[in-house]
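Visitor: quick one: sequence plus predicted model below, questions after.
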Amino acid sequence: MSNDHPLGSAERPLRVAIVGSGPSGFYAAAALFKQKDLLVEVDMFERLPTPYGLVRGGVAPDHQNIKAVTRAFERTARSEGFRFFGNVKISEHLSVEDLYAHYDQVVYAVGTESHRDMGVPGEDLAGSFNATEFVGCYNGHPDFQDRDFDLENVTTAVVVGIGNVAVDCARILVRDPDELAVTDITDEALTALRKSAVREVYMLGRRGPAQAKFAPAEIKEIADCSGADLVLRPEDAEPGPVSAGWLESLEIREQKNIQKNLDFLAECASSGEGTEARKVRLWLLTSPIELMGKDGRVVGAKLERNSLSIKKPGGEPRPSGTGEVQEIECQLALRAIGYHGIQLPGVPFDDWYGIIHNEGGRVIDPDREKAVVPGAYVVGWAKRGPSGLVGTNRACSFATVDLMLEDARGQTAPHDEAHTADGALAFVKAHQPDFITFDDWQKLDAMEVERGQTCGKVRQKFTSAADALEALRS
C-alpha cells in the first residue's frame, strides 16, 4: 500500500520556498494562498534582515505613497502557513540543493541586483558611480552605506539614462533637503544634500523624446520641484520623422502614453531657462563617450550627438553617433542605464540578458537542450529583466504561479521529515541560527518608526544587519 498523499492535501501540503522578499516574491506568495483547494506552506528567504526588496531599498524617500504597498505584503505574511527567514543568504548559509531537498517547489524572486556599465573610458574614475549605489545610499540599503558622495564639491552632475531611476536621482539632487527631511532618507544622505553645491544636473538619453522610459508623472515631478527648473533644448523635444513614423505603427494605448511625454516635454522646451537656481537639463539624442578625469577624479564628460534610424523592419528607432562632439564640466557621474542579475550557484543563468534562464517562469537548463528544471521557477526582474513598476510584478508572479499549480496538479508525494515545516526550520537553525522572523521584522519596523518620530521623520532605518540584530537582542 502506497504511503503517498496528494500534493497540496492536509496530509502532504505543497511546500514552497521563495528566494527574495521583494514585490514579485510577495505577489507569488499571495497567489499561492489564494488557492482554496490547495494546502500550501511558504517559506520566504531574504539575505537582508528586512523584507520588501526595492520597495524599501529602491523607491525614492519622497515616494512614500508607493511604499504603502507593503501593507498588502503584511497581509500575505499573516497567512497561515507563511514564514519569513531574513538574514539568510542562499549560497552562503543554504545552497539551492538544500532548498530542493526540503521543498517541492522553489521560486527565485531575486531581482537584478547588479548594474550595467557604459563601457566608456573614465568610467572607473572617482566620482563615477552606478545609480544603484546612490539610490541604495540615500535609502539606507546596508550594501551601500560606505559610499562617499562628496556633494559639497560638486556643482554639476551628469545622470546617464532617462528611466524612472535616472529621474529619481536627478530629482533627489535638486530637491529642497527640508522637503526630504521628513521622509525615511538616511541622516548621512540628508547631511550630504544639505551641504550640496549642485546647481546643474544633466540627464542624458541616447534616444529621442518618444523613446523616453520615464513615466509622465515622474518627469513632471522634477519640473514641480521648488527651486529647480526642467530645461530642454527645443530640438530635443521634437520626435523627428523617424520616431513619428514608428509611433504610427504602435497600438493606440502606447501612442497615447508616449504623447503625454511629448506634450509635456514640448511645454518645458517652450518655457526656456526658467528662473530657479537649480537646473535639470534633459539632453536627448546624446551619449557620453568618455568621462574625463584629473588626478583620478571626474572633471568632465565628452558627449556625442546621435541620430535615429530603423535598423530592422518593425523595430524601434536605434541611435548612432553623428560625430558631433562637445564637452561639459562635471564632478559627479551617475549611470542609470539598466540593472543586471547576479547568478546564484546552481541556477541556470543568462549572462547576456542578466536573468535566470526560463520559459514563461519555468527555469530551464540550456546545457540540457533547454530541459525544464523540475520544481524551479522564477518571477519578477530575474524572469523578464528590469522593466515595469512595482505593480507590474503582480501579473508576472501570478502567471508563474499558474505554471506551478499546473505542475503540482495530480501529483502525490510521501510524508517525510525533510518536507515538513519542522524539518526545514531545524535545517535553517542549524546553518543560520541568527535568522530573522517576520515577528522580528515587525519589532524592527516599530522601532524604526519610533526612532523616526523622535526626529520628525516617518522612520529612521537600521542601515546594517549588525545594528538590526543588536536592536532585537537589546
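Guide: Ah, there it is. All values derive from a computational prediction rather than experimental measurement.

Visitor: list the contacts of the residue lying closest to Asn3 once chain neighbours are set aside.
Guide: In space, and not counting its chain neighbours, Asn3 is closest to Pro414: 4.9 Å by C-beta to C-beta, 6 or more residues apart in numbering. In this view, the C-beta of every residue, glycine as well, is placed from N, C-alpha and C. Counting by C-beta atoms under 8 Å, 6 or more residues apart in numbering, Pro414 makes contact with Asn3, Asp4, His5, Arg12.

Visitor: how distant is stretch 275-284 from the center of its chain?
Guide: 26 Å (C-alpha atoms, centre = their mean, to the nearest Å).

Visitor: do me a favour and get the end-to-end distance for it?
Guide: End-to-end distance for stretch 275-284: 22 Å, by C-alpha to C-alpha, to the nearest Å.

Visitor: for the chain, what are the low-confidence residue spans?
Guide: Within the chain, the ranges that satisfy pLDDT under 70 run 1-2.

Visitor: any idea how it splits into domains?
Guide: With domains defined by automatic domain parsing, the chain comprises 4-113+340-436, 117-337.

Visitor: filter the contacts of Pro414 to the buried ones?
Guide: By neighbour count, with 16 or more other C-beta atoms under 10 Å, these hold Arg12 as buried.

Visitor: how much space between the residue lying closest to Leu125 once chain neighbours are set aside and Ala29?
Guide: The shortest distance from Leu125 to any non-neighbouring residue, by C-beta to C-beta, 6+ apart, is to Gly293 (4.4 Å). Computed with C-beta to C-beta, to the nearest Å, the distance linking Gly293 and Ala29 is 47 Å.

Visitor: the more surrounded of the two?
Guide: Ala29 (28 against 17; other C-beta atoms under 10 Å).

Visitor: would you agree the more buried one falls within a helix?
Guide: Yes - applying DSSP: H, G, I helix; E, B strand; the rest coil, one finds Ala29 inside a helix.

Visitor: you'd agree it is up against Met44?
Guide: Yes - shown here, Ala29 and Met44 form a contact pair, counting by C-beta atoms under 8 Å, at 6.5 Å.

Visitor: quick check: neighbours shared by these two?
Guide: Ile18, Phe82.

Visitor: which helices and strands does the helix ranked longest in the chain pack with?
Guide: Secondary structure of the chain per DSSP state H: the longest helix is helix 252-270. On a contact count with 3 or more C-beta pairs under 8 Å, 6 or more residues apart in numbering; DSSP states H and E, helix 252-270 meets helix 216-223, strand 228-232, helix 234-237, helix 240-248.

Visitor: and the third one, how far out from the chain's middle?
Guide: Averaged C-alpha coordinates place helix 234-237 at 30 Å from its chain's average position (C-alpha atoms, centre = their mean).

Visitor: for it, name the packing helices and strands.
Guide: helix 252-270.

Visitor: quick one: the helix it packs on to chain centroid distance?
Guide: On C-alpha atoms, centre = their mean, the centre of helix 252-270 falls 25 Å from that of its chain.

Visitor: with stretch 411-423 instead?
Guide: Taking C-alpha atoms, centre = their mean, the mean C-alpha location of stretch 411-423 is offset from the chain mean by 35 Å.

Visitor: can you check stretch 376-396 too?
Guide: Remark: stretch 376-396 is offset 10 Å from the chain centroid, using C-alpha atoms, centre = their mean.
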